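Trainee: Please find the sequence and the predicted model below.
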Amino acid sequence: MTDPTWLAAQRRALVTFAAKAADPAGGFGWLDASGGRVAEQPVATWITARMTHVFSLEHGLGDPDAAALADHGIAALRGRLHDDQHGGWFASVADTTKAAYEHSFVLLAACSAHAAGRPGAEELLTEALEVIGTRFWDVEVGLPFESWDRAWSTTEAYRGANSTMHFVEAFLAAGDVTGDKIWHQRALGLAERIVHVTSAAHGWRVPEHFTEDWRPDLDYNSSNPRHPFRPFGSTIGHWLEWARLLLHLEATLGEDAPAWLLPDARALFDSSVRRGWGVDGYLGFVYTLDWDDLPVVRERMHWVIAEAIMAASALRARTGEDPYADWYVTFWEYARKHHIDPVGGWRHELSPDGSPSAGVWAGKPDTYHAYQATLFPTLPLSPAAALAVR
């Protein structure tokens, strides 16, 4: 397995690069390939929350400079990105939509910051739990709404597996940090519906898009396959991410964990490797597949290999089986050769031959996946990282 000293050095390098995203007006901005903030990109809640999560974890690991960066994120989440009139959080300083995806990361950031003892984090966590519980949780079906307008009067006729998956992540952290196990049970319900029921029925492919009554919409965005958040088809990286989350969920639930969690995690990982790794003649995971398993978007995304690293590590830790360790090494070798950039950060998108590209993602706005790839292999599967780093 990769040397922990090397992992720690990579983690610290990512934090140094990410610190450049701090916007003097509040929050964290979009970084270009060299680490400069892109002025045309408005400060977004998902980036600010992810950065706050990262800096809170790093503070928990003893970085003396990370506390101020975590506090900078908390201030923006309680300030310019917060809707003081109606409650909840805007998608960005330029978009008043209230979306599940962004709110999941606000909750995750609040959990990590609260566990790190940052001022204002407890208040942020309390509101995030209240808003998600009352606005995004559809009690009739036990699944989340996708988005609302600013006044919470109109919800979108769309449901998404991506935001649902990140609620699983945030709910696991919330249950650990608050001690309220209802969040663990809700996470289990989400995983059961999306993976154990729906993905299993689709041959261990994860449908990403659903109608408002939660029927898979397999043709969604077929005319816009490169949408950055809702691409057509199925997204390999999410299969890997779900596999890892199932193992965190199993470890969290302990004796109460259902027996299907590990087999489903194995099935998703095996499906990802079989259908996505090098299937177009080049190393790396293709980004998306159609429902005949043909590549749609072939670019290699940094977050996908990061999730592959973490999934392989988690399966190795859970099972002790050597093939997962071999995949872990293989995935790191690919990331080291192609994605880790000597000028700082990870190259977010590559063409199939490994050269930098920007057809879906330009610049380096996201540190969260790469940072976790350097940290999570050194942590237990439970409790949540917010507590484990302490």
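Mentor: Received, thanks.
Trainee: what bits of this structure have low per-residue confidence?
Mentor: Where the chain drops to pLDDT under 70, the residues are 1.
Trainee: Going along the chain, name the strands of it.
Mentor: Assigned by DSSP state E, the chain shows strands spanning 98-99, 137-138, 143-144, 147-148, 159-160, 209-210, 234-235, 288-289, 300-301, 349-350.
Trainee: Pull the number of nearby residues for Ala191.
Mentor: 28 (other C-beta atoms under 10 Å). (Glycine included, C-beta is placed from N, CA and C.)
Trainee: how about it, what does it touch?
Mentor: Residues in contact with Ala191 (C-beta atoms under 8 Å, 6 or more residues apart in numbering) are 168, 242, 245-246, 249, 261.
Trainee: Name the member of these with the most neighbours.
Mentor: Counting by other C-beta under 10 Å, top hit in the contacts of Ala191: Leu246 with 31 neighbours.
Trainee: Which residues are in contact with it?
Mentor: Counted by C-beta under 8 Å, 6+ apart, Leu246 has contacts 191, 195, 261-262, 264-265, 268.
Trainee: 7 Å instead?
Mentor: Leu246 is in contact with 191, 195, 261, 264-265, counting by C-beta atoms under 7 Å, 6 or more residues apart in numbering.
Trainee: just Leu7 next, same as before
Mentor: By C-beta under 7 Å, 6+ apart, the residues touching Leu7 are 374, 377-378.
Trainee: Apply 8 Å and report the result again.
Mentor: Contacts of Leu7 were listed using C-beta under 8 Å, 6+ apart, and they are 374-375, 377-378.
Trainee: just curious, which of those residues is nearest to Ala99?
Mentor: Ala99 has its nearest neighbour among the contacts of Leu7 in Leu375, at 26.5 Å by C-beta to C-beta.
Trainee: quick one on the thing from earlier: make CSV out of the contacts of Ala191 and add distance to Asn221.
Mentor: Formatted as CSV, these follow (distance: C-beta to C-beta, whole Å):
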residue, distance to Asn221
Val168, 23
Trp242, 20
Leu245, 24
Leu246, 26
Leu249, 29
Leu261, 30
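Trainee: follow-up on the earlier one: most neighbours of all the contacts of Leu7, which one?
Mentor: Ranked by neighbour count under the definition other C-beta under 10 Å, the contacts of Leu7 are headed by Thr374 with 25 neighbours.
Trainee: Can you tell me the closest non-neighbouring residue to that one?
Mentor: Arg11 (4.0 Å; C-beta to C-beta, 6 or more residues apart in numbering).
Trainee: Same question for Pro365.
Mentor: Closest residue to Pro365 apart from its sequence neighbours, by C-beta to C-beta, 6+ apart: Trp30 at 4.4 Å.
Trainee: The one you found contacts Arg37, correct?
Mentor: Yes - distance between Trp30 and Arg37: 6.8 Å, which falls inside the contact criterion (C-beta atoms under 8 Å).
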